[in-house]
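*Asks:* have a look at this prediction, sequence included:
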Amino acid sequence: MGNTKPYYCTTCGAYEPHRAPETEREREWLRHTFHKRYVEDYWICTVPDCRNVRYARKVYDPPIPMPDFD
Ligand SMILES: [Zn+2]
């Protein structure tokens, strides 16, 4: 796994490692979902089956999980 940062995950209710988007498919989904061209500053909770998405300084309520494209 690449770089991760600890952020508070509202779904997990704890600080968990978050990763940047990893694939073009994830980036495309982020662009469509958040209507942004630049999506490298979104973070995804790495806890299995969580995948909660957050922006560095913003959490989403209700939580928005990244779909599992694998
Ligand atoms: Zn989480």
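*Replies:* Here it is on my side, so go on. Predicted model only: the values in this text are computed from it and were never measured. Residues are numbered from 1 along each chain as shown.

*Asks:* within the helices and strands, which one has the residue nearest to the spatial centre of the chain?
*Replies:* Centroid-nearest residue in the chain, with CA atoms, centre = their mean: residue 44, separated by 2.3 Å. For residue 44, the element it lies in under DSSP states H and E is strand 42-45.

*Asks:* so the nearest residue to residue 67 once chain neighbours are set aside is in which element?
*Replies:* Spatially, and ignoring its direct neighbours in sequence, residue 67 is nearest to residue 29 (6.4 Å; CB to CB, 6 or more residues apart in numbering). In short, each C-beta sits where N, CA and C put it, glycine included. Using DSSP H and E, residue 29 maps to helix 24-34.

*Asks:* what residues sit buried inside that helix?
*Replies:* The neighbour-count check on helix 24-34 (16 or more other CB atoms under 10 Å) flags 26-27, 29-30 as buried.

*Asks:* now, the most widely separated pair of these?
*Replies:* Spatial extent of the buried residues of helix 24-34 (CB to CB) is set by the pair 27 and 29 at 7.3 Å.

*Asks:* helix/strand/coil for the nearest residue to residue 4 once chain neighbours are set aside?
*Replies:* Distance criterion CB to CB, 6+ apart; nearest residue to residue 4, sequence neighbours excluded, is residue 17 at 3.8 Å. Assigned state for residue 17: strand (three-state reduction, DSSP: H, G, I helix; E, B strand; the rest coil).

*Asks:* from what I can see residue 17 touches residue 3, true?
*Replies:* No - the pair residue 17 / residue 3 is not scored as a contact, 9.5 Å apart, by CB atoms under 8 Å.

*Asks:* which residues touch the nearest residue to residue 11 once chain neighbours are set aside?
*Replies:* The shortest distance from residue 11 to any non-neighbouring residue, by CB to CB, 6+ apart, is to residue 52 (4.3 Å). Neighbour list for residue 52: 9-12, 44-45, 63-66 [criterion: CB atoms under 8 Å, 6 or more residues apart in numbering].
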